[in-house]
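Asker: Build me a model from this:
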Amino acid sequence: MFLGTHEPRLDEKGRLILPAKFREELSPGLVITKGQERCLYVFPATEFAHITETLRQAPVTAKAARDYSRVMFAGAHDEIPDRQGRITIPQSLRTYAALEKECVVIGANTRVEIWDSTSWNQYLADREKGFADVSEEVFPGLF
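Answerer: Coordinates of the predicted model:
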C-alpha cells in the first residue's frame, strides 16, 4: 500500500527520484501511464498485470472498455528504477500531466500518482471541503 505526499523535482533529463518508502515495492519494475485528472499513475509491474487481466476480460464489443484500454496501454511505459531510485518519465507523459520541475508524488493505495505541483494543489483545494463533508451515504458502513 502506498501512502503519503512527497515533493520531488524532475531533473533536466526528465528523471524523478521516487520517495524512499516506495522504492522497495517498485524496484522489481513498474509501469507509468496516463491517469485521470491529468496525473500519471505508477503501478508496480505485478499490480499492472492484475489490471491488464481485468481489462482483458472486458468484451471487445464494449466501446468504453476499448477506449480506456487504448489510451491506457498506448501511453504506458515500463521502467526499472536505477540505483538512486530514479525513473525517467517519457516526454509524452510529462506533456500529458504538464510536468515541468515541481512535482507532487502521492501514495494512492495500490498505485502512486505523479502530479504537477500547481495542478495537485488546485485539485486538493477543490476537493478537501467535499472530503470533510462526506456523509455516510457516500460510503455506507465504511466509518
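
Asker: So what touches the lengthiest helix in the chain?
Answerer: Secondary structure of the chain per DSSP state H: the longest helix is helix 117-132. Applying CB atoms under 8 Å, 6 or more residues apart in numbering, the contact partners of helix 117-132 are 7, 37-39, 97-98, 102-104, 106, 115. The C-beta positions use only the backbone N, C-alpha and C, and glycine is treated the same way.

Asker: let's see it at 10 Å
Answerer: 5, 7, 9, 37-39, 97-106, 113-116, 138 (CB atoms under 10 Å, 6 or more residues apart in numbering).

Asker: Same check on stretch 46-62?
Answerer: 25, 28-33, 41-44, 64-66, 68-69, 72-73, 76, 78, 110-111.

Asker: burial of Val134, as a residue count?
Answerer: Neighbourhood size, Val134 [other CB atoms under 10 Å]: 11.

Asker: helix/strand/coil for it?
Answerer: With DSSP: H, G, I helix; E, B strand; the rest coil as the basis, the three-state label of Val134 is coil.

Asker: where in this protein is pLDDT low?
Answerer: 135-143 (pLDDT under 70).

Asker: all helices for it, in order.
Answerer: 20-26, 45-56, 63-74, 91-96, 117-132.

Asker: quick one: Lys34 from Tyr68, how far?
Answerer: Lys34 sits 10 Å away from Tyr68, going by CB to CB, to the nearest Å.

Asker: Looking at these two, which has the bigger crowd around it?
Answerer: More crowded of Lys34 and Tyr68, by other CB under 10 Å: Lys34, with 18 against 13.
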